[in-house]
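Visitor: My questions concern the predicted model and sequence given below.
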Amino acid sequence: MEDSHVNPHFPAGAAPIKLYRHSRSGHCHRVELMMSLLCVPCELVDLDLAGGAHKDPAYLEISPFGQVPAIDDSGVTLSDSNAILVYLVRKYPDGHNWLPAAPEAAAEVQRWLSVAAGEIASGPAAARLVTVFDAPLDHEAAKVKARRLFAVMEPLLSSSDFLAGSGVTIADIACYSYIAHAPEGGVSLAAYPAIRAWLARIEALPGFVGMANSPIPEGA
């Protein structure tokens, strides 16, 4: 990242923020995407989750629950992807209203952060965990939850460009990754043109970076 494109609130000469991640984790991707959109320097630290790197005592000092992602911003450590999004946009503002202060708008953003941690996690994210990571979860139940979620989102996004109003917010960033990659979990997006258009609007943002693709199951 060229110096001229670095976020003006990022201290000159400071080390990039370390992002501890797995390259195919949507939770990790939402943080990587947010940093890229904010033009915040980032050092990606890939953890060998299969080898237990997330349970190492040194990592547990950073992420007490042994989860990814986590960040180390010059000694400030934080885990939980949605919490990290809030931290990033508050500490490194770029002039865009990623997290509105007005009560109704702030509440709407928070509602979608809860959806990201709830319906998305148990729906499209869980379905993808089964197909990509062989997680021992109920795949059919996860796909049903995903389609139920998309049935709610589709009409909303037919009348609004973004989830929490006319402008993109951290609500969209929190929800993007697992929905964009839902077909990898066996959940097709073919029946949801408004959702696909919303995904395209996010992908058109300056600084957008995608997540590593995984194979799409046959018939998805």
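Guide: Yep, that arrived.

Visitor: Check which residues of stretch 100-118 are buried.
Guide: Pro100, Ala105, Glu108, Val109, Gln110, Trp112, Leu113, Val115, Ala116, Ala117 (16 or more other C-beta atoms under 10 Å). Yep, even glycine has a C-beta here, placed from its N, CA and C like the rest.

Visitor: residue boundaries of the helices in this structure?
Guide: Taking DSSP state H as the test, the helices found in the chain are 26-38, 57-60, 81-91, 103-117, 119-122, 124-133, 139-159, 170-180, 193-203.

Visitor: Can you find the helix or strand of this protein with the lowest average pLDDT?
Guide: When the helices and strands of the chain are compared on mean pLDDT, DSSP states H and E, helix 57-60 comes out lowest with a mean of 94.

Visitor: Name the residues of that one that are buried.
Guide: Tyr59.

Visitor: which other residues reach that helix?
Guide: By C-beta atoms under 8 Å, 6 or more residues apart in numbering, the residues outside helix 57-60 that reach it are Tyr20, Leu47, Ala53, Gly66, Ala70.

Visitor: Let's check: the centremost residue of the protein is which one?
Guide: Arg30 (2.3 Å; C-alpha atoms, centre = their mean).

Visitor: Would you agree that one is in contact with Leu85?
Guide: Yes. At 6.7 Å, Arg30 and Leu85 qualify as touching, with contact defined as C-beta atoms under 8 Å.

Visitor: which neighbours do those two share?
Guide: Ile173, Ala174.

Visitor: Domain map for this structure?
Guide: 3-91, 103-203 (automatic domain parsing).

Visitor: Dump the ones you listed to TSV, plus distance to Ala212.
Guide: Shown next, in TSV, are the domains of the chain (distance: least, C-beta to C-beta, whole Å):
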stretch	distance to Ala212
domain 3-91	5
domain 103-203	9
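
Visitor: Quick one, grab the pLDDT at Gly165.
Guide: Looking at Gly165, its pLDDT stands at 87.

Visitor: mind listing what it touches?
Guide: Pro100, Ala105, Glu108.

Visitor: Now tabulate those in CSV and tack on distance to Ser160.
Guide: Shown next, in CSV, are the contacts of Gly165 (distance: C-beta to C-beta, whole Å):
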residue, distance to Ser160
Pro100, 14
Ala105, 13
Glu108, 10
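
Visitor: what's the closest of those residues to Asp94?
Guide: Nearest to Asp94 out of the contacts of Gly165 is Pro100 (C-beta to C-beta; 14.7 Å).

Visitor: separation between the nearest residue to that closest one once chain neighbours are set aside and Trp112?
Guide: Counting by C-beta to C-beta, 6 or more residues apart in numbering, Pro100 lies nearest to Ala106, which is 5.3 Å off, once chain neighbours are set aside. Counting by C-beta to C-beta, to the nearest Å, the gap from Ala106 to Trp112 is 11 Å.
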